[in-house]
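Enquirer: Structure for the following, please:
(one chain, ligands or ions: 1)
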Amino acid sequence: MHRRTFLASLAGLAIAKPTAARMKHDMSGHDMGAMGGHGNHNMPQGGGKPVLPEGLPLRDLPRLENQSGVAGTFKAKLTAGPSTVRFSEGLDTPVLAYNGANPVIEAREGDRIEIAFRNEIPNESTTVHWHGMPVPADQDGNPADPVASGRERVYAFDLPEGSAASYWFHPHPHGLTARQVYRGLAGIFLVKPKEDPIPAGYGDTVLMFTDLRLGADGTMPDSSMVDLMNGRVGDHVLVNGQKNPAMTAARGEKRRLRLFNATNARFLRLKFENAGMTVIGMDGGLIEAPVAVEELLLTPAERVELIVSFDQPGVAKLIALDYEHGWMGPGKPNEAGMTLLTANVSTETAPSVPPLPAKLRSIAPLGEPTITRRFVLTESMGGMDQGSMSMSSDMGMKFLINGASFDMDRIDEVSKVGQVELWEIVNQADMDHPFHVHGTQFQVVEHEKDGEVTKPAYRAWKDTVNVPAGETVRFLLRQDLPGPRMYHCHILEHEQLGMMGTIDVRA
Ligand SMILES: [Cu+2]
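Expert: Have a look, this model is predicted:
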C-alpha cells in the first residue's frame, strides 16, 4: 500500500469521527474517537498525565513457586485475572496479571512442566502461549484452544536437552491478544542448562520491558486507530514494572542481564552509556561466542542476553535511541534519549570473577533445505467495505500474509516433522514487522534489500526476527513436533488485524 493513500484515508477518518465513535466496538474496546491515541473520557478538568516515580531500586519479578516435591518436575498454579497496580502515587490502575503479577518460572533442561491454569478474566477467553518453547502444539495456547472465563486446564510438557534459553509466556486468544497483553498479561520462562558456561559470579538478572499508557484517572485508555495501525505504544517503557529503576554495581563488575521485549509494539534500539555490552545469547539461548556491541535493536517479543561491564565509576544509563520503523499518522513516540535503567557504579573495585569463556556452546547449522516457502507481508487500508454498510472497529485496516487475513479455520501451509525448510519473509509493506514462528527456533541465513544480500555475523537460535520495510529475511527452520503452529507479526495489533497464518506440521 502507498503511504499517501494510507494517510489520506486517515484524514478522512478524522472527519468521519462522530459516525465512527458511534460504531465503537465493544468486544475489542477500541476507541474510534481518539485519533491522537491518548484519549480518555473520564479525564478530569485540568488533570495532567500521571507521573511515575523514577530511580527506585530495581526489583526482581516474583518467582512462581515449584509445588512439586519430585526432582525433575515443576508444578505450579497459574491464574490470569484482574488486579490493581499503583504505578503513580494515589492512582490505582486496573490491570490483568498472572497470580497478581508478572511472574518468572524457572526450570531446567529435562524437567517435566505441569501448570494448572485458571482463567479468572471476566467474560474473556484466554490461552497461555509459551513463546519460543518447543512444546507440543496442543499445549502451546493456540487461538483454537481457548480457556473460557471461569475455566481451568493443565498445560504439560517436557523441556528437552539443549532447550536452555530466555523464553516468555503471554495470552494468544483469538482477537484479544493485543488487549490482554497491554493490560498486563506476560511472564518470563527461564530454562536453565544442566551446566552453565557463564560464571555464576555475574548473577542472572531479568529485565522485562513493558509499555504503559495511563489516563489522568490512572486507567489504561482503549486503543485508538493509530494504535491499531502502528501497534500500541505507551507513555512509559517500564523495566520489571518500574520506570527507570536503579541498580548498583561496583567498579569493574560484570553482570549477566536478560532483556525481554514484552511490549505490544515498541522497537527498542538500546545502548548502555558508560558501560560495555557483550551479547552472549538471543531468543533460543546462548550464541557460540561472545560478541561486543555498541548498541542493539530489540523488537517486540525478542530477547537478548548480555554481559554488561561497569568499568567506569559514576552513572551508567541504559538508553533508547531513535529507530525509524515506518510510523503512520500522528503520535510517533519520541524514544531518543529515554532512560530505561540507571546503574550507579561505585568507585570501589569489584571482587574479581572468572573471565567469560571464549566459547559458549556449539550451534550446528540446520543443513540444506528440502523446501522453500515464501511469505509476502502487505498492508491495506480498506475503509468502508464497498457495497456493505457494516464497518468494523478497525475500519477495514488489514495486515496480510500472501494476500490473506488470518482465518482460524484455514490451514495455510502443510509441513512435515523433521523437514528442513527455507522461509523467505518478504516485507512489501511500509512498516517493519517482527516475524515470529511458534514451536521451534530458527537460524537467520540472510537479509536482502534492493538486491543486496547481507549475512549475519554469527549463528543464533531465534524465534522472532524483525523484517524491516522493503527487506526480505531468509531463515532455516525445522519443526520437531507435529500439529498446527502459528506464524505471525509480533506487533500484536497487526497479528489481530490479520497478519498471521497456520502451518500444519504432520508426522
Ligand atoms: Cu507487524
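Enquirer: Quick check: residues of the protein near the ion?
Expert: Within the chain, the positions lying close to the ion (Cβ under 5 Å from the ion) are 433, 489, 491, 494. In short, each C-beta sits where N, CA and C put it, glycine included.
Enquirer: Just give me the residue right at the centre of this protein.
Expert: By Cα atoms, centre = their mean, the chain has its centre lying nearest to residue 301, at 2.3 Å.
Enquirer: what sits against that residue?
Expert: Contacts for residue 301 (Cβ atoms under 8 Å, 6 or more residues apart in numbering) come out as 131, 168, 261, 262, 434, 436, 463, 464, 490.
Enquirer: Can you name the residue of the stretch 101-250 of the chain nearest the ion?
Expert: Residue nearest to the ion within the stretch 101-250 of the chain (Cβ to the ion): residue 231, separated by 6.7 Å.
Enquirer: residues touching the closest residue to that residue other than its chain neighbours, list them.
Expert: Using Cβ to Cβ, 6 or more residues apart in numbering and skipping residues adjacent in sequence, the residue nearest residue 231 is residue 265, 2.3 Å away. Counting by Cβ under 8 Å, 6+ apart, residue 265 makes contact with 211, 230, 231, 232, 233, 300, 491, 492, 493.
Enquirer: how near is residue 265 to residue 338?
Expert: According to Cβ to Cβ, to the nearest Å, residue 265 stands 16 Å off from residue 338.
Enquirer: domains of this protein?
Expert: 73-192, 371-506 (automatic domain parsing).
Enquirer: Just the contacts of residue 265: which are in helices?
Expert: Per DSSP state H, helices hold the following members of those: 230, 492, 493.
Enquirer: ok, and the closest non-adjacent residue to the second one?
Expert: With Cβ to Cβ, 6+ apart as the measure, residue 178 is the residue that lies nearest to residue 492, at 3.7 Å, once sequence neighbours are left out.
Enquirer: hey, least reliable of the domains of the chain by pLDDT?
Expert: Confidence, taken as mean pLDDT, is least for domain 371-506 of the domains of the chain (a mean of 92).
Enquirer: now the end-to-end length of that domain.
Expert: 15 Å (Cα to Cα, to the nearest Å).
Enquirer: how far is that domain from where the chain is centred?
Expert: Centroid separation for domain 371-506 versus its chain: 15 Å, with Cα atoms, centre = their mean, to the nearest Å.
Enquirer: just stretch 299-319 next, same as before
Expert: 18 Å.
Enquirer: buried ones in it?
Expert: Neighbour-count burial for stretch 299-319 flags 299-311, 313, 316-319 (criterion: 16 or more other Cβ atoms under 10 Å).
Enquirer: In contact with the residue of the stretch 301-450 of the chain found nearest the ion, which residues?
Expert: Going by Cβ to the ion, the ion is nearest to residue 433 of the stretch 301-450 of the chain, at 3.5 Å. Remark: with contacts taken as Cβ under 8 Å, 6+ apart, residue 433 is in contact with 377, 399, 427, 466, 467, 489, 491, 494, 499.
Enquirer: one more time with 7 Å, if that's ok
Expert: 377, 427, 467, 489, 491, 494, 499 (Cβ atoms under 7 Å, 6 or more residues apart in numbering).
Enquirer: Which of these fall within strands?
Expert: Mapping the contacts of residue 433 onto strands (DSSP state E) picks out 377, 427, 467, 489.
Enquirer: residues in contact with the strand or helix carrying residue 289?
Expert: Residue 289 belongs to strand 285-293 when elements are defined using DSSP states H and E. For strand 285-293, contacts defined as Cβ under 7 Å, 6+ apart pick out 164-165, 276-281, 307, 356, 358-363, 458-461.
Enquirer: any idea how far it is from the chain center?
Expert: The chain centroid and the centroid of strand 285-293 are separated by 21 Å, computed with Cα atoms, centre = their mean.
Enquirer: what sits against residue 207?
Expert: Residue 207 makes contacts with 239, 240, 257, 258, 259, 260, 341, as judged by Cβ under 7 Å, 6+ apart.
Enquirer: who does the fifth one bridge with?
Expert: When assigned by DSSP bridges, residue 259 has beta-bridge partners residue 207, residue 304.
Enquirer: Next up, the contacts around it.
Expert: By Cβ under 7 Å, 6+ apart, the neighbours of residue 259 are 207, 209, 298, 303, 304, 306.
Enquirer: which one of these sits closest to residue 219?
Expert: Comparing the contacts of residue 259 against residue 219 with Cβ to Cβ places residue 209 closest, at 21.6 Å.
Enquirer: That closest one touches residue 257, doesn't it?
Expert: No. Between residue 209 and residue 257 there is no contact, the gap being 11.7 Å when judged by Cβ atoms under 7 Å.
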